[in-house]
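Enquirer: Here's a sequence, model it:
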Amino acid sequence: MGHSHHHSHSHGHHHPDLKGRNLIISIFLNILITIAQVIGGLISGSLSLLSDALHNFSDVLSLIVSYIANLLAKKPSSTNKTFGYKRAEIIAAFVNASALMIVAVILIIEAIERFQNPQEVESNLVIWLSLLGIAANGFSVLLLKKDADSNMNMKSAYLHLLTDMMASVAVLVGGILMKYFQWFWVDPALTLAIAIYLIYMGFDLLKQSTRVLMLFTPESIKVQEIVEAIKKIEPIKNVHHVHVWQLNEDEVHLEAHIDFNEDIRLSEFDAILERIEEEVYHNHGINHVNIQPEFGKCDSKQVIVQD
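Expert: Residues are numbered from 1 along each chain as shown. As a prediction, this is how the structure comes out:
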């Protein structure tokens, strides 16, 4: 069984402590906004303020989950956890996305009820609290921006905060419209808009994290192309029993059985393995390769074996 690792340590691993610290700051800021907005929403009677608070609270949860996942992902592997906690962040992204969708549905139901009987809203309070939301979320967004590009978990946290900031801006505009024009229907309309946006954002993340958890082949990888490329190497006869999956954001694994035309020595196999690794790493971004060499063995020769 040839097995190898190609490691690239370039993405976002330079300041693990910073990532954690920035998350902690964002968590506290969001707890603060949530409490202020819940109290404000209840006093002012504004549903959009409450929906923004709920949105912020879903953020607090997601940030806490992201923080824990971030810590777990660093824990070493052991004999009973051979991959360590490398998937913690993917599960965190999945949980976050699911939570977003549920929150959104609750908000939509509330908004529809509010459309049927509009209520007066104390707009001054709404305006001040939405400004607080904009300031705190804006600050958090800046803190997490750098890590968001390289990491699904941090990206989920970043998106949460960004949508929050947008929602707070919308609530601010709504507050101003209610104050000067008495347009109280703006309140449930905004709530609806925030909720629909939550579903839209959450769905994509849910899909991505589900693909990884289900061990689906990453979308960018074409298995057939890999098989053709490996088959070109002498003296390989065929490639079968192929599995390609993504462990987490940094690791993609390929596992395959390879039939040889001749009974080669192990040292020759090692040289061929090197070539296979180079090929799949540079052209397909696969950094863990596990090959089972075979000669004249009677097993299924299909590329994808239904075990």
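
Enquirer: Domain map for this structure?
Expert: By the assignment in automatic domain parsing, the chain contains the domains 2-213, 223-294.

Enquirer: mind listing what the residue lying closest to Lys179 once chain neighbours are set aside touches?
Expert: Distances taken as CB to CB, 6 or more residues apart in numbering put Ser123 closest to Lys179, at 3.8 Å, once the chain neighbours are dropped. C-betas here are computed from N, CA, C, even on glycine. Residues in contact with Ser123 (CB atoms under 8 Å, 6 or more residues apart in numbering) are Ser44, Ser46, Gly175, Ile176, Met178, Lys179.

Enquirer: The last one contacts Ile127, doesn't it?
Expert: Spelled out, it's Lys179. Yes - between Lys179 and Ile127 there is a contact under CB atoms under 8 Å: 6.7 Å.

Enquirer: Between the two, which has more neighbouring residues?
Expert: Ile127 (19 against 15; other CB atoms under 10 Å).

Enquirer: hmm, back to that, among the contacts of Ser123, which ones are in strands?
Expert: Within the contacts of Ser123, no residue falls in strands by DSSP state E.

Enquirer: which residue ranges form the strands in the stretch 201-307 of the chain?
Expert: For the stretch 201-307 of the chain, applying DSSP state E, counting those that start in this stretch gives strands covering 236-246, 252-260, 288-294.

Enquirer: The closest residue in space to Asn96 that isn't next to it in sequence: how many residues sit nearby?
Expert: Spatial nearest neighbour of Asn96, excluding adjacent residues (CB to CB, 6+ apart): Ser62 at 4.1 Å. Summarising burial for Ser62: neighbours were counted as other CB under 10 Å, giving 25.

Enquirer: related to what we said a few turns ago, ramachandran angles for the residue nearest to Lys179?
Expert: Reported as degrees, to the nearest 10, the phi and psi values for Ser123 are phi -70, psi -30.

Enquirer: Leu273 and Asn261: what is the separation?
Expert: 16 Å (CB to CB, to the nearest Å).

Enquirer: what about these two, which has more around it?
Expert: Leu273 (18 against 12).

Enquirer: Can you name the residues in contact with stretch 79-90?
Expert: Here stretch 79-90 has contacts from 66, 68-70, 72-73, 75-78, 151-153, 209, 212-213, 247-249, 251, using CB under 8 Å, 6+ apart.

Enquirer: Likewise for stretch 219-231?
Expert: Counting by CB under 8 Å, 6+ apart, 211, 217, 236, 238-239, 242, 244, 252, 254, 256, 258, 276, 279-280, 283-286, 303-304 sit against stretch 219-231.

Enquirer: hmm, 6 Å instead?
Expert: Under the contact criterion CB atoms under 6 Å, 6 or more residues apart in numbering, stretch 219-231 has outside partners Val239, Val242, Val244, Ile276, Glu279, Val280, His284, Val303.

Enquirer: Filter those residues down to just the buried residues.
Expert: Val239, Val242, Val244, Ile276, Glu279, Val280, His284 (16 or more other CB atoms under 10 Å).

Enquirer: Tell me how many other residues crowd the closest residue to the fifth one other than its chain neighbours.
Expert: Distances taken as CB to CB, 6+ apart place Ala229 nearest to Glu279, at 5.4 Å, with adjacent residues excluded. If you count neighbours by other CB under 10 Å, Ala229 ends up with 16.

Enquirer: right, so the domains of the chain: which one is the most enclosed?
Expert: Ranked by mean neighbour count under mean count of other CB atoms under 10 Å, the domains of the chain are led by domain 2-213, which reaches a mean of 19.

Enquirer: any idea of the mean pLDDT for that one?
Expert: Domain 2-213 shows a mean pLDDT of 84.

Enquirer: now swap in stretch 225-244 and tell me
Expert: Here the average pLDDT along stretch 225-244 is 92.

Enquirer: how long is that stretch from one end to the other?
Expert: 13 Å (CA to CA, to the nearest Å).

Enquirer: roughly how far is it from the heart of the chain?
Expert: 32 Å (CA atoms, centre = their mean, to the nearest Å).

Enquirer: How much space separates the residue nearest to Asn96 from Lys297?
Expert: Distance from Ser62 to Lys297, by CB to CB: 49 Å.

Enquirer: Quickly check the contacts of stretch 219-231 for the two that are furthest apart.
Expert: Pairwise distances across the contacts of stretch 219-231 peak at 16.4 Å for Glu279 and Val303 (criterion: CB to CB).
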